[in-house]
Each structure stands twice: as structure tokens, then as C-alpha cells.
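Student: Kindly return the folded structure for what I paste below:
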Amino acid sequence: MFVHATILPLDLKAEYEEIRGEIHAAVSRVLRSGSFILGREGEALEAEVAADRGCRHGVAVASGTDALHLALRAAGLGPGDELILPAFTTSPTQGERGRATACGTKPWRCCSGRPRR
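Tutor: So this is what the prediction gives:
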């Protein structure tokens, strides 16, 4: 069964304008503290994410690539496991040096087009 949905384009400029004050205040706090990695702002972000998701812990990482690696490891995937990935994805996900292969899994690419008869 296919569901048709319209996905509206993301207007980053409008998003930024809406929260500009918050962004500038947060950046200013980090610069004044001198704690560019972790620190109170990082701890606050992790606590906010955990509360928003209803979890005990939130973990801030350096990139989406690191988040993928952490998620795969947390799921217990490792050498010998097979992992199904979308065919249209980025190399940090499935490439030769991607997170899927870094965990030792064997990535399988699948297409998500309409079923063929």
C-alpha cells in the first residue's frame, strides 16, 4: 500500500529568524564559558533531548555519522550481521569506510520504488 504525502520544502532562513535570539544567546554562553566540547550547554542539550523523548539519557555526538555508529553498536550489530539500507543514502552510512561497515556489518542496499509485477 502506498500513501501519497506532500512534503513541504524546509525554509532554513525562516526557521533561523524565528529562533535567532535563542541561537545567539546559546552561542554567546558557550563562547563566554570556553567549554566548546561538552560543558554545561552540552549537558543541558542531553537532558532536554532525554526529557523530550521520554528517556533516561540523551547523548550528544559530533555528527550524524557518529550517531549512526552509536545506534548500530547500541543495537548490538557487529561482525557477521547483515543490515538493510536504502539504496539512496550517503557514503558515511554505507560506503567502504561508512558506519555500517565500521561496525563489521554487511550492508545490503534495497530500492524503495513501487513493487514490480
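Student: Could you measure from the residue nearest to residue 33 when sequence neighbours are not counted over to residue 10?
Tutor: Leaving aside its sequence neighbours, residue 33 sits nearest to residue 39 (Cβ to Cβ, 6 or more residues apart in numbering; 5.9 Å). All C-beta atoms are positioned from the backbone trio N, CA, C, and that covers glycine. Per Cβ to Cβ, to the nearest Å, residue 39 is found 29 Å from residue 10.
Student: Looking at those two, which one has more neighbours?
Tutor: The neighbour count for residue 39 versus residue 10, taken as other Cβ atoms under 10 Å, is higher for residue 39 (13 against 8).
Student: And the lowest mean pLDDT element among the helices and strands of the protein?
Tutor: helix 91-94 (a mean of 61; mean pLDDT, DSSP states H and E).
Student: Can you tell me how far the residue most central in space within the chain is from residue 25?
Tutor: Centroid-nearest residue in the chain, with Cα atoms, centre = their mean: residue 64, separated by 3.9 Å. Separation of residue 64 from residue 25 (Cβ to Cβ): 25 Å.
Student: Likewise for residue 59?
Tutor: Taking Cβ to Cβ, one finds residue 59 at 24 Å from residue 25.
Student: So if I had to pick from the two, which one is more boxed in?
Tutor: residue 59 (15 against 10).
Student: Would you mark the buried spots in the helix or strand hosting residue 52?
Tutor: Using DSSP states H and E, residue 52 sits within helix 39-53. Under the neighbour-count criterion of 16 or more other Cβ atoms under 10 Å, helix 39-53 has residue 41 buried.
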